[in-house]
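Asks: structure of the sequence below:
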Amino acid sequence: MKLYIDQIKPKLGNRAYNLETMLQVIDRAIDEKNEVVVFPELSLTGHSLEDIAFEVGIDKVPQELLEKSKEIDIIFGAVEIGEEDYPYNTAYYLSEGKVLGKHRKVYLSDYGYSTESRCFMKGNSFDVIETKFGKIGILLGDEIYHQSAQYILAQKGVKYLFNLINGVGTLKGDKENVGSNTKLVAKANSVMNGIFTIVANRAGVEDGLAFYGNSFVVSPDGNICIEGEYFKEGNITCNLDEGEIRRARTKYPFFKSEDRRLTVCEVLSLEKKSK
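Replies: Below is the predicted model:
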């Protein structure tokens, strides 16, 4: 899989502008012979939506993106107007002119500067998306910090876990410390589950929030393959070799020895004790 990640800088609430920007990025990715192009969380709308979430939501993926997906697979984030006419923070996977799958954010961020439950309904599942490259999973924002989300997707056979985020950075000390916990968690996920972990973050400033970029890819052995610049727009490209998954799982057989039955029994036991 030849991957292209763009640290887009969306304009808040300006869906037309953001779509045009994404189409230009997609054309560059196609020209450079990439196979998958990835955008950050809420790339079609911007992040700090609050009361305009309904106004910028979509009930259908823009036809322009579906057409482009006949040439390259596309992963992007948007506000989706769901069946109940409430918005979801959703990520889509497009391929060959169709929506292959989507993920509605389950763990909404409700602390500090973020009050997502005011804007969004929460999703209720972590689903695998079947692609020409194999099984992939998508997480949004802080879902990367939930062990159960990573575990469920890995146990369902996911080999490529995409994390679309809107990571906000504040400089305290070295620039490289910004987002260090996200890198730590991504590395641990790759090693424990023997998979590629891909993190796509945006750039730019919005309502006083500075998004730090620094998108990156972690190989199944826990090493960072490539990373983007901090606090700047730009892109990174990377070839993901499935053979690395087999080699890592041979070297670190943690995934193979995982006992799902024991996990389920222990979780059910905890649920009974809490009642």
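
Asks: where in the stretch 101-250 of the chain is pLDDT low?
Replies: By pLDDT under 70, the low-scoring segments of the stretch 101-250 of the chain are 171-176.

Asks: any chance you could map the strands in it?
Replies: Applying DSSP state E, counting those that start in this stretch to the stretch 101-250 of the chain gives strands spanning 110-111, 114-115, 129-131, 134-140, 160-165, 196-201, 205-206, 209-210, 216-218, 224-227, 235-239.

Asks: mind listing residues that contact the third one?
Replies: What it means is strand 129-131. Here strand 129-131 makes contact (Cβ atoms under 8 Å, 6 or more residues apart in numbering) with 73, 93, 95, 100-101, 135-138. C-beta coordinates here come from the backbone N, C-alpha and C atoms, glycine included.

Asks: re earlier: possible to save the strands of the stretch 101-250 of the chain as JSON lines with distance to Pro40 and mean neighbour count?
Replies: Listed next are the strands of the stretch 101-250 of the chain as JSON lines, based on distance: least, Cβ to Cβ, whole Å; neighbours: other Cβ atoms under 10 Å:
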{"stretch": "strand 110-111", "distance to Pro40": "20", "mean neighbour count": "10"}
{"stretch": "strand 114-115", "distance to Pro40": "15", "mean neighbour count": "16"}
{"stretch": "strand 129-131", "distance to Pro40": "18", "mean neighbour count": "18"}
{"stretch": "strand 134-140", "distance to Pro40": "10", "mean neighbour count": "24"}
{"stretch": "strand 160-165", "distance to Pro40": "5", "mean neighbour count": "26"}
{"stretch": "strand 196-201", "distance to Pro40": "5", "mean neighbour count": "28"}
{"stretch": "strand 205-206", "distance to Pro40": "12", "mean neighbour count": "14"}
{"stretch": "strand 209-210", "distance to Pro40": "13", "mean neighbour count": "16"}
{"stretch": "strand 216-218", "distance to Pro40": "12", "mean neighbour count": "25"}
{"stretch": "strand 224-227", "distance to Pro40": "14", "mean neighbour count": "16"}
{"stretch": "strand 235-239", "distance to Pro40": "12", "mean neighbour count": "17"}
